[in-house]
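A.B. asks: quick one, what's the 3D model for this:
(2 chains)
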Amino acid sequence: MLTGLAVIGVARFLQQRQDFEDATARSYQVEIAARNRLAAGTNPAASRTTILAQQRQRQVLRDDIDGETRDTALLVGAGLIAGLTGAALLFSGLIASMRRPLEELVEASGRLAGGDLDARVTVGGLSETATLGAAFNEMAGELQRRAGERDQLETMKDEFVLTASHELRSPLTSVQGFAELLMLERDKLSPKQADTVEIILDNTRHLVRLLNDLLDLARSDAGRLTIKAAPTDVASLVEDAVRTMRSQTEGREQTLRQRIEPHLPQVNVDRDRIRQVLVNLLTNAHEYSPPGASIEVTARHRNSQVELAVSDDGPGMAADQLEHIFERFTRGDAGLTQHVGGTGLGLAISKSLVELHGGTIAAESAVGQGSTFRVRLPAAER
Amino acid sequence: MTRVLIADDSETILLLMRTRLEMEGYEVVTAADGVEVIEALHGPDPAPDILLLDAMMPRKSGIDALRELRAEGLETPVLIVSAHQDKMDAGAPSDVEVSGFITKPIDFELLFRSIAELTGDA
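C.D. replies: Prediction:
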């Protein structure tokens, strides 16, 4: 209603302005004609009278319009105030009706970005916000559907690896078992037969190792590689791993030394898993280094961490090789030229295991300079 | 002589285990699934001193058979032999008493030590 009043006011003002301008224009035209006649010398008295009359008429018109303009201005002012108040009310309503859905969208986007795929908004309000809300919900639904499909594929992959590992393990049990059975009666076999059975056994053990590693990686990918951490004595852990490797390194006349700093704090780890990491690093050092090489394990306290390092004076690695060393199925060059029993998965698994403990693993090496692998684990709080 | 009951759905594995166990001087009874395990224990033959059960077998799994036998009051030590690498994957039963797990491929030296400890032959 108030807005209507303002519109009427403004329309009336514009009409009066137009009328005034038309009348003034006509008055000027008459006056100019009189001035022309005066200049031309025709009827000078009449022309002068006309000019004065026109000037007076314009003054009257001006006074008239001034009075009316005051009235109209008042009307327009009132109308404008009323209109603006109305508009303000209308806009505040409009803003409020947009603000709530927008705030909800912002909040839902935040939740969605944070990984809550159930985040949805209420669709409603103005058509624009409703469209935006519906589009958001559609997008969130699509994301959820894709995440669901991905999870399902991941689960299928994990199940497949578990099942495959299980199914392969049964025949492997027989192959390994019967080969071992033959080796129990080695003295009844010819040397050639014994060697053949030894090869069967070596390869079976390699397959079993590969299966175990693949299973570990599949578990790690599925977030199902679990650790049972407990405060563990570092010295005994290192000694244990070194003892496991001793006969193998002695077999290639490599020296295997351990240097353990006194008074090391304990580490909160799954003993079997960290032992697996150490044995893996030692196995690599042993297999990639030539006979007679030196291998050393050190354990020291660094800030709030315990660092376990395995170094060798073997052939070392070039930078481009070092860069990919923790990736799956990556092996050092020596793996291609000499007999290496690894699966190419050991370092990838070691990395997963160390990181699962909140630790880090890194490699330093250069061609001809040997290699050092450092595992840093958080020291247990005392 | 210590009597060992082994249950596995693979004949080859039964043959392997029987051979190794007999070479070690054990008396061996075999079963192809959980149903046969229960039949063997309900039968007239002398009760085994230890059971080695495959976790997954058709008809009736080793764990299901064991659950029934424990409910009947069986106190014989039991080792679960599983192709799964760890207890979690093998679906380690929380409601049934199990003496230990042996994973496939079988480490026979470890198996013999476990049997000796559980049957008091050590």
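
A.B. asks: list phi and psi for A:I295.
C.D. replies: phi -120, psi 140 (degrees, to the nearest 10).

A.B. asks: any idea how many residues pack against it?
C.D. replies: For A:I295, the neighbour count with other CB atoms under 10 Å in any protein chain shown is 24. For every residue, glycine as well, the C-beta is placed using N, CA and C.

A.B. asks: quickly list what it is bridged to.
C.D. replies: A:L256, A:D312 (DSSP bridges).

A.B. asks: which ones are touching it?
C.D. replies: A:249, A:254-257, A:282, A:285-286, A:289, A:310-312 (CB atoms under 8 Å, 6 or more residues apart in numbering or on different chains).

A.B. asks: the strands in the chain, which residues?
C.D. replies: By default, I'm working from chain A. A:230-232, A:255-260, A:267-269, A:294-302, A:305-312, A:360-365, A:371-378 (DSSP state E).

A.B. asks: correction: the question concerned chain B.
C.D. replies: B:3-7, B:27-31, B:50-54, B:78-82, B:100-103.

A.B. asks: just to revisit the earlier point, now, among the contacts of A:I295, which is nearest to chain B?
C.D. replies: Minimum distance to chain B across the contacts of A:I295 is 21.2 Å, recorded for A:L282 (CB to the nearest CB).

A.B. asks: nearest residue to that closest one in space, please, no chain neighbours.
C.D. replies: A:M245 (4.6 Å; CB to CB, 6 or more residues apart in numbering or on different chains).

A.B. asks: circling back to that earlier point, so which of the strands of chain A comes closest to A:A135?
C.D. replies: strand A:360-365 (43.2 Å; CB to CB).

A.B. asks: check the spacing between the spatially most central residue of chain A and A:P101 real quick.
C.D. replies: Taking CA atoms, centre = their mean, the centroid of chain A lies closest to A:A113, which sits 9.4 Å from it. As judged by CB to CB, to the nearest Å, A:A113 and A:P101 stand 18 Å apart.

A.B. asks: now A:Q266
C.D. replies: 56 Å.

A.B. asks: which one of the two has more residues nearby?
C.D. replies: A:P101 (21 against 17).

A.B. asks: get me the contact residues on chain A for chain B.
C.D. replies: A:162, A:165-167, A:169-170, A:172-174, A:176-178, A:180-181, A:184, A:204, A:208, A:212, A:215, A:226 (CB under 8 Å from any CB of the partner chain).

A.B. asks: show me those residues that map onto helices.
C.D. replies: A:162, A:165-167, A:169-170, A:172-174, A:176-178, A:180-181, A:184, A:204, A:208, A:212, A:215 (DSSP state H).

A.B. asks: would you mind giving me the PyMOL syntax to select the buried ones in the residues you listed?
C.D. replies: A single PyMOL command selects the buried members of these (16 or more other CB atoms under 10 Å in any protein chain shown):
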select buried, chain A and resi 162+165+166+169+170+172+173+174+176+177+178+180+204+208+212+215
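
A.B. asks: residues in contact with the closest residue to A:A362 other than its chain neighbours?
C.D. replies: Leaving aside its sequence neighbours, A:A362 sits nearest to A:R374 (CB to CB, 6+ apart; 5.2 Å). By CB under 8 Å, 6+ apart, the contact set of A:R374 is A:307-309, A:361-364.

A.B. asks: mean neighbour count for the strands of chain B - can I get that in a markdown table?
C.D. replies: Shown next, in a markdown table, are the strands of chain B (neighbours: other CB atoms under 10 Å in any protein chain shown):
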| stretch | mean neighbour count |
| --- | --- |
| strand B:3-7 | 23 |
| strand B:27-31 | 19 |
| strand B:50-54 | 25 |
| strand B:78-82 | 24 |
| strand B:100-103 | 17 |
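
A.B. asks: closest one to A:A46 among those?
C.D. replies: strand B:78-82 (130.3 Å).

A.B. asks: which ones are touching the residue nearest to A:L215 when sequence neighbours are not counted?
C.D. replies: Leaving out its chain neighbours, the residue that sits closest to A:L215 by CB to CB, 6+ apart is A:S165, at 4.8 Å. Listed by CB under 8 Å, 6+ apart, the contact set of A:S165 reads A:211, A:214-215, A:218, B:83, B:85.

A.B. asks: about what we covered before: could you dump the strands of chain B into CSV with mean pLDDT and distance to A:G125 added?
C.D. replies: Output for these, formatted as CSV (pLDDT from 0 to 100; distance: least, CB to CB, whole Å):
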stretch, mean pLDDT, distance to A:G125
strand B:3-7, 96, 68
strand B:27-31, 96, 71
strand B:50-54, 94, 64
strand B:78-82, 91, 60
strand B:100-103, 88, 61
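
A.B. asks: can you get me a residue count around the closest residue to A:A34 other than its chain neighbours?
C.D. replies: Spatial nearest neighbour of A:A34, chain neighbours left out: A:T50 (3.7 Å); criterion: CB to CB, 6+ apart. A:T50 is flanked by 18 other residues according to other CB under 10 Å.

A.B. asks: pretty sure A:T50 sits against A:E31.
C.D. replies: Yes. The pair A:T50 / A:E31 is scored as a contact, 7.0 Å apart, by CB atoms under 8 Å.

A.B. asks: lowest confidence element among the helices and strands of chain B?
C.D. replies: Between all helices and strands in chain B, the lowest mean by mean pLDDT, DSSP states H and E belongs to strand B:100-103, at a mean of 88.
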